[in-house]
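Undergrad: Generate coordinates for the sequence data below:
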Amino acid sequence: MNLINNRLGRIEQTIIEQQKQFDKFNEFNELNSFETINQQINQLDEFQRKLKEVENNETEQVDQLKQIIQKIGAQNKSEQEKEILKLNNQLQNRYKEFSKALQSIKFQFNSIEFYQKVNEKKEKLEKQLQDEIKILEEYLEIQNLNTQLFNEVLNDIKAKKGNYKQQSEEQLKQLQQTNKQKGDRLNIVTNKVYEKQIEINFTQIDDNLIKNYEQLKIQEEQLQIELNQINDKISNQQLNPQQLNELKDQIIKVYSNIDELKMKIPKDIDVQQYNKNYQQNLESYEKLYALLNYIKQYHLTRYYERIKENEQKQKQKQQNKDENDYKKLFYSRLNQVQKENTKIEMEAQDIFQRYENVLFKSYNKMAIESMEKDQEEIEKQIQIQKNLIKSRDQIKLRSKLKDQSMIKEIINVKQYYKITEFTQMIILNMIKKNIQTIQQGQINQY
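TA: Here you go, the predicted structure:
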């Protein structure tokens, strides 16, 4: 028994040392960049597998020692005790077969929690993607209408004469060019989204296979406890014949339970099919998340561009005026703000380009955790920039329009402040009709 206890002590010490090594490896993994994480995950999985092999091999050697000692001790045992030792050896071997068969099952997901998280979130994300695509399509329709209005108005201006005509035509052509450039980009982004959306294909997965496997792992641990209890009873030299009969019945019952559990172990072909389906779903989930962030980041870059262009216009206006000390201070501050916003806009463009590379140029995939953090920050910044643009557009309209209902229609109902680059002529047309309605009402009063 001292030999066994010494061996068990060495097993425990080996496991502790290997686990410490694993923990250090895992901490190092967390500090590293995503480019090396995939390789490290495979190394960690292999490390855990070898650690389990060490534990199983050492435990098997101890069991063999126990069996040898029991055989030696059985020479002086009764026939009833010899039968129990024989049955117990068969039970221990049966349990090893069951445990090894269970350990040979290799599912591809890192944890059941991660699998459940992906499964729960995918429907919500799919709904979000459909909503975002619908918004892109609505923007395209609005941009097309804006283009038509530009063409109509410019044709009308060409039919007129005078210096005012030339000045108005130049201003409108500048706005028309902005509408076209921004519209072309919107069209490209939308078509790319259509292209990638086709590749998102989730397949149905049988969750019962995982639930059954997890239950078998729990029962494996419970069996180990029961087997240890049986070994402790066998080691007890004071068992009477009745107790030995009860122990025999217990061994036979546990043996039968193991046979039933072995029948429940997932078949290799089912595991392979599950892993194939899971990998397909994981890739679809990654594409879905990346595509959502791609669209959201596109909108954020639009807002940053709008803010930068607005500041450039303010700067141009100040340069065309005489500068007093106050204006010089304002101009200096404007330059500083413009530099800061230009930097932020470039960073946003870089993030947008990164997602475009991942989705459409076969660059390294991004970790889901990184995309989750990106989405949280993107949505936060979108809300901040939308509020800023909304406030500025409201102030601008209030300085030019007295009709508050028209301002409310443009800002709150139509929400054109989000897409001013696609709605210049639409807004002008709305204002023009509003003025005509007011004038006609004033005429009718007389």
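Undergrad: tally of neighbours for Gln279?
TA: Neighbour count for Gln279, taken as other CB atoms under 10 Å: 12. (C-beta placed from N, C-alpha, C; glycine too.)
Undergrad: just Lys121 next, same as before
TA: Counted with other CB under 10 Å, the neighbours of Lys121 add up to 16.
Undergrad: Helices along this structure, start to end?
TA: Here the chain has its helices, by DSSP state H, at 2-31, 34-74, 79-103, 112-158, 163-197, 207-235, 241-264, 268-319, 325-360, 368-398, 404-408, 424-445.
Undergrad: low-scoring pLDDT stretches of the stretch 151-300 of the chain, where are they?
TA: 161-165, 167, 237 (pLDDT under 70).
Undergrad: dump the residue contacts of the residue most central in space within the chain.
TA: Centroid check for the chain by CA atoms, centre = their mean gives Ile368 as the closest residue, at 3.8 Å. By CB atoms under 8 Å, 6 or more residues apart in numbering, the contact list for Ile368 reads 285-286, 289.
Undergrad: Neighbour-wise, which one of those leads?
TA: Most neighbours among the contacts of Ile368, by other CB under 10 Å: Tyr289, with 24 neighbours.
Undergrad: between the contacts of Ile368, which is closest to Thr423?
TA: For these, the minimum distance to Thr423 (CB to CB) is 30.4 Å, reached by Tyr289.
Undergrad: In contact with the closest one, which residues?
TA: Tyr289 makes contacts with 125, 368, 371-372, 375, as judged by CB under 8 Å, 6+ apart.
Undergrad: Any figure for the gap between it and Lys117?
TA: With the distance defined as CB to CB, to the nearest Å, Tyr289 ends up 12 Å from Lys117.
Undergrad: same thing with Gln177?
TA: In terms of CB to CB, Gln177 sits 47 Å off from Lys117.
Undergrad: One more: Asn212?
TA: Distance of Asn212 to Lys117, computed by CB to CB: 20 Å.
Undergrad: repeat for Tyr304
TA: According to CB to CB, Tyr304 and Lys117 sit 32 Å apart.
Undergrad: what about these two, which has more around it?
TA: Between Tyr304 and Lys117, Tyr304 has the larger neighbour count (other CB under 10 Å), namely 19 against 13.
Undergrad: Next up, the contacts around the closest residue to the more buried one other than its chain neighbours.
TA: Excluding the flanking residues, the one nearest Tyr304 by CB to CB, 6 or more residues apart in numbering is Glu345, at 3.8 Å. By CB under 8 Å, 6+ apart, the contact set of Glu345 is 301, 304-305, 307-308.
Undergrad: Recalculate using a threshold of 7 Å.
TA: The contact partners of Glu345, taken as CB atoms under 7 Å, 6 or more residues apart in numbering, are 304-305, 308.
Undergrad: Would you mind measuring from it to Glu81?
TA: 84 Å.
Undergrad: Gln224 now?
TA: Gln224 is 24 Å from Glu81, where distance means CB to CB.
Undergrad: Comparing these two, which residue is more hemmed in?
TA: Neighbours per residue, other CB under 10 Å: of Gln224 and Glu81, the larger number sits with Glu81, 19 against 13.
Undergrad: Could you pull up the residues touching that one?
TA: Contacts of Glu81 by CB under 7 Å, 6+ apart are Leu244.
Undergrad: Pass me the low-pLDDT residue ranges in the stretch 1-150 of the chain, would you?
TA: Where the stretch 1-150 of the chain drops to pLDDT under 70, the residues are 1-77, 110.
Undergrad: change it to 90
TA: Counting by pLDDT under 90, the stretch 1-150 of the chain contains low-confidence residues at 1-82, 106-120.
Undergrad: can you pull the buried residues of stretch 300-309?
TA: Buried residues in stretch 300-309, counted by 16 or more other CB atoms under 10 Å: 300-308.
Undergrad: make that stretch 259-275, sorry
TA: With burial defined by 16+ other CB under 10 Å, the residues of stretch 259-275 counted as buried are 261, 265-266, 271, 274.
Undergrad: what's the answer for stretch 371-385, then?
TA: Of the residues in stretch 371-385, those buried by neighbour count under the rule 16+ other CB under 10 Å are 371, 374-375, 378, 381-382, 385.
Undergrad: Likewise for stretch 130-139?
TA: 132-133, 136, 139.
Undergrad: ok, the residues you listed vs Tyr194, which is closest?
TA: Relative to Tyr194, the closest of the buried residues of stretch 130-139 is Ile133; by CB to CB it sits at 7.9 Å.
Undergrad: Nice, that's everything, thank you.
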